[in-house]
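[1] need a 3D model of the sequence below.
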Amino acid sequence: MTESAATFDRSSRSAKQLFTVSLVAHGILLACALRHRFFWGGDMAPYLHLAETAGLVAFAVVGGLAYVRALRRAPELPAQTWLRFGLLLTALATLSPHFLSNDLWDYLARGRVAVLGHDPYLTTVAALRSDPAMSEFAARANWPGWVMPYGPVAAVLQWLCAVPDSPWLGAYLWKGLAAAAHVATALSLAATTRSLSNEANARRMLVLWLWNPWLLLESAGSGHNDAFVALGLAACGHAIAQARFAVGSLAYGVAMLVKHGSPTLAPLLLAAAFRQRRLVPFAIGTGLVATILAVAWLLSWSAPSGLDWITDQANVAQGSLSSLLAAHVGSGAGVAATWIGTGLLVALLVHGAIALRDARSFGRHGALATIVLVLFCVPNFAPWYHLWWLPLVAVADARALDRALVVLAFTGPVSYAVFTATHAFGQAHEAWAWAAAALPPAAIVLGSARELLSNRCGPSDSAATPAPS
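    Model prediction:
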């Protein structure tokens, strides 16, 4: 056996061992989910809450350590090896019932409104509660008094998954779609890195996204619709890296039509198209998105109260820096944080519009601006909001974004620790979630702001690693 073959064989065994460790971590998560959903425990409930919390922390530590080691080994093996193991991890995460967020039940309940022939932008779940075909869906919804708060692409997906009469069947249909989006995002990011760098870095990027325990938890596990936002942004970055602005603007628009969390990218995308003399393709993609918006306006949003779905969202303020400051310091402190963030965001966008030169600078300026939006300007915060900027990791090609994803592999799951310990939301949970899931990645990215803005930031840590023959 040649030396290279022996090295490959050792790497293959190492990958299998790392997969086994990751499998154990997701098995722990599955046990936590089954307990949370189906076994309260009566008088033993407080102790089971603590055991569940310990299990969640164990998932983060065990899965995170295996993930970090897999990243180091990633360039040594073909992408197909990491993809095969990643698909199995995704399948196990999908199998686990969602338990750290109930948003999925609201997705299905609003989709059921459409299945029953009503407009989810105008009719609430509560208004149809007495309908036997709605009762099981309405009983699980957390926000039955709210109309659809997402874009038309999300509305279509929710309608599709709410067609079955069983909420649980609908939930697993949705989780399957979110899992597919997670895998597709990883493949798109790897393709972007391959076009901008080399095969070794592409393999690392595939593992960076596909194997990440926190991303698996939020997408395939909890089924947040932000998984579809991430796919759209990844496709946008891939297209911009190839100067295909018609596809890039369309992919970005579709992401925004799922959930409007990344408006900061619009002016930067326009600036990039202007700099690269691609305004006509940009206009074509944007025109297709505008057509979808026009149809949505005619069907729903032009009706009386048709825009409540977007204006009423300003009334939800929980878990964000501004809402926490307002609650603990005073309303003035919350308003000040928002205005400071808004000023910083405007300055970043102006700088980006002037300084943008290529796809990498678009990704770096876009990630920096969007995390400022998430950190300071959004009235409510949830860990999965990072999916509004993290898919730019490949096109940005910056160490800071890589490190943020690695840190979130550990702090993202642990950000739910207070919730699992008490099984109740509240300011204690919100403050801990913000401290654990918002501060660490924000500190990494904002701490690298100078390099990101100057475009001197180096490529990912494995840039110098050659691909094995």
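[2] what's the next secondary structure element after whatever helix or strand residue 268 lives in?
    Assigned by DSSP states H and E, residue 268 belongs to helix 265-275. Where DSSP H and E defines the elements, the next helix or strand beyond helix 265-275 is helix 279-296.
[3] can you list contacts of the helix holding residue 268?
    233, 236, 240, 245, 248-249, 252, 256, 278-279, 281-282, 349, 352-354, 356-359, 361-362, 365-366, 369-370 (CB atoms under 8 Å, 6 or more residues apart in numbering). For the C-beta atoms, the positions are set from N, CA and C on the backbone; glycine is no exception.
[4] now, which of these lie within helices?
    Cross-referencing the contacts of helix 265-275 against helices under DSSP state H gives 233, 236, 240, 245, 248-249, 252, 256, 279, 281-282, 349, 352-354, 359, 361-362, 365-366, 369-370.
[5] stretch 142-150: which residues count as buried?
    For stretch 142-150, burial by neighbour count (16 or more other CB atoms under 10 Å) applies to 143, 144, 146, 147, 148, 149, 150.
[6] those residues: which two are farthest apart?
    144 and 150 (15.7 Å; CB to CB).
[7] what's the spacing between the residue nearest to the spatial centre of the chain and residue 229?
    In the chain, the residue lying closest to the centroid (CA atoms, centre = their mean) is residue 387, at 2.8 Å. In this view, residue 387 and residue 229 are 6 Å apart by CB to CB, to the nearest Å.
[8] cool, residue 92 as well?
    23 Å.
[9] so between the two, which is more surrounded?
    residue 229 (30 against 19; other CB atoms under 10 Å).
[10] so who does the closest residue to residue 162 other than its chain neighbours touch?
    Leaving aside its chain neighbours, residue 162 sits nearest to residue 111 (3.1 Å; criterion: CB to CB, 6 or more residues apart in numbering). Counting by CB under 8 Å, 6+ apart, residue 111 makes contact with 120, 155, 157, 158, 159, 160, 161, 162, 170.
[11] do residue 91 as well
    Per CB under 8 Å, 6+ apart, neighbours of residue 91: residue 179.
[12] so what's it scoring on pLDDT?
    We have a pLDDT of 97 for residue 91.
[13] before we move on, back to that, pull the number of nearby residues for the residue lying closest to the residue nearest to the centre of the chain once chain neighbours are set aside.
    Leaving aside its sequence neighbours, residue 387 sits nearest to residue 226 (CB to CB, 6+ apart; 4.0 Å). Counted by other CB under 10 Å, the residues lying close to residue 226 total 28.
[14] residue 226 contacts residue 261, correct?
    Yes - Residue 226 lies in contact with residue 261 (CB atoms under 8 Å); the separation is 7.2 Å.
[15] which residues are common contacts for those two?
    Shared contacts of residue 226 and residue 261, counting by CB under 8 Å, 6+ apart, come down to 385, 388.
[16] can you pull out the helices in the stretch 101-250 of the chain?
    103-115, 132-140, 152-161, 167-196, 199-210, 213-216, 226-241, 245-258 (DSSP state H, counting those that start in this stretch).
[17] for these, which one sits closest to residue 33?
    helix 167-196 (11.6 Å).
[18] just to revisit the earlier point, please spell out the PyMOL selection for the buried subset of the ones in helices among the contacts of helix 265-275.
    Here is the PyMOL command that picks out the buried ones among the ones in helices among the contacts of helix 265-275, judged by 16+ other CB under 10 Å:
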select buried, resi 233+236+240+245+248+249+252+256+281+282+349+352+353+359+361+362+365+366+369+370
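[19] what residue ranges in the stretch 301-450 of the chain score low on pLDDT?
    The stretch 301-450 of the chain contains no residues with pLDDT under 70.
[20] end to end, how far does stretch 431-438 reach?
    10 Å (CA to CA, to the nearest Å).
[21] buried sites along it?
    Those would be 431, 432, 433, 434, 436, 437, 438, for stretch 431-438 by 16+ other CB under 10 Å.
[22] just stretch 66-84 next, same as before
    66-67, 69-71, 73-77, 79, 81-83.
[23] report the mean per-residue pLDDT for that stretch.
    On average, stretch 66-84 scores 96.
[24] please apply the same query to stretch 182-190.
    Rounded mean pLDDT across stretch 182-190 is 98.
[25] repeat for stretch 271-288
    Computed over stretch 271-288, the average pLDDT equals 96.
[26] helices and strands around the lengthiest helix in the chain, which ones?
    The helix that spans the most residues within the chain, counting by DSSP H, is helix 3-38. The helices and strands touching helix 3-38, judged by 3 or more CB pairs under 8 Å, 6 or more residues apart in numbering; DSSP states H and E, are helix 45-73, helix 79-95, helix 213-216.
[27] next, the contact list for the residue nearest to the centre of the chain, please.
    Contacts of residue 387 (CB under 8 Å, 6+ apart): 218, 224, 226, 227, 229, 230.
[28] which residues does the last one contact?
    In this case it means residue 230. 181, 182, 185, 219, 255, 387, 390, 391.
[29] from residue 167, how far out is it?
    Taken as CB to CB, the span from residue 230 to residue 167 is 25 Å.
[30] what's the answer for the second one, then?
    Distance check for residue 224 against residue 167: by CB to CB, it reads 17 Å.
[31] quick check on those two: which one has the bigger neighbour count.
    residue 224 (24 against 21).
[32] touching, the more buried one and residue 383? I think so.
    No - assessed by CB under 8 Å, residue 224 is found out of contact with residue 383, at 9.3 Å.
[33] what touches both of the two?
    By CB under 8 Å, 6+ apart, the residues touching both residue 224 and residue 383 are residue 218.
[34] hang on, the earlier thing: distance to residue 425 for the helices of the stretch 101-250 of the chain - can I get that in TSV?
    Formatted as TSV, the helices of the stretch 101-250 of the chain follow (distance: least, CB to CB, whole Å):
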stretch	distance to residue 425
helix 103-115	12
helix 132-140	16
helix 152-161	23
helix 167-196	20
helix 199-210	29
helix 213-216	20
helix 226-241	19
helix 245-258	24
